[in-house]
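Student: following is a predicted model, sequence given first.
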Amino acid sequence: MRASFVNLDEWEFGSELIEIFPIGDDPIDLHNTADLIGVDLTTKGTITFHIRPTEQPITWLRDRFPPLDLSFQEVSDLKISQIGEVYPGDETLIHAWEYYEDSLDLPPVFEFSGGMFEISYRAASVRLDLMP
């Protein structure tokens, strides 16, 4: 089963994703130009990653994209693991997402890897919202 994608190009199965492609816009490099500010979970089965341009002192990186929310709906099989030792500055790192299918009857699996934790879950859809 494939996930649906809203406001961004569909991700390819079996790949490690460090960039997202908003529809009609330039790609956003989440690993090198973005910081994870927080993650929200709702009782309605949604997980939202709040992402902002990096705070690095390189000005051209900060102006490349507006703050954004990447939300996954109809989330199930959620697992969160904390990474052992977190070094100062690593807490906002986004390493990558993996996206793969392991069942024809269930939504695909998404695996997030960051500087503080890893999150694995199934989700039926992904939505990108660019903030003003």
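Tutor: Thanks, I have the structure now.
Student: so who does the closest residue to residue 12 other than its chain neighbours touch?
Tutor: Leaving out its chain neighbours, the residue that sits closest to residue 12 by Cβ to Cβ, 6 or more residues apart in numbering is residue 99, at 7.5 Å. Backbone N, C-alpha and C define where each C-beta goes, glycine included. When contacts are counted by Cβ atoms under 8 Å, 6 or more residues apart in numbering, residue 99 touches 3, 11-15, 17, 108-111.
Student: tell me which element residue 99 falls in.
Tutor: strand 94-100 (DSSP states H and E).
Student: just residue 37 next, same as before
Tutor: If you go by DSSP H and E, residue 37 is part of strand 34-41.
Student: remind me what the next helix-or-strand element following that strand packs against, helices and strands.
Tutor: Per DSSP H and E, the first helix or strand lying C-terminal to strand 34-41 is strand 47-53. With contacts taken as 3 or more Cβ pairs under 8 Å, 6 or more residues apart in numbering; DSSP states H and E, strand 47-53 sits against strand 34-41, strand 68-73.
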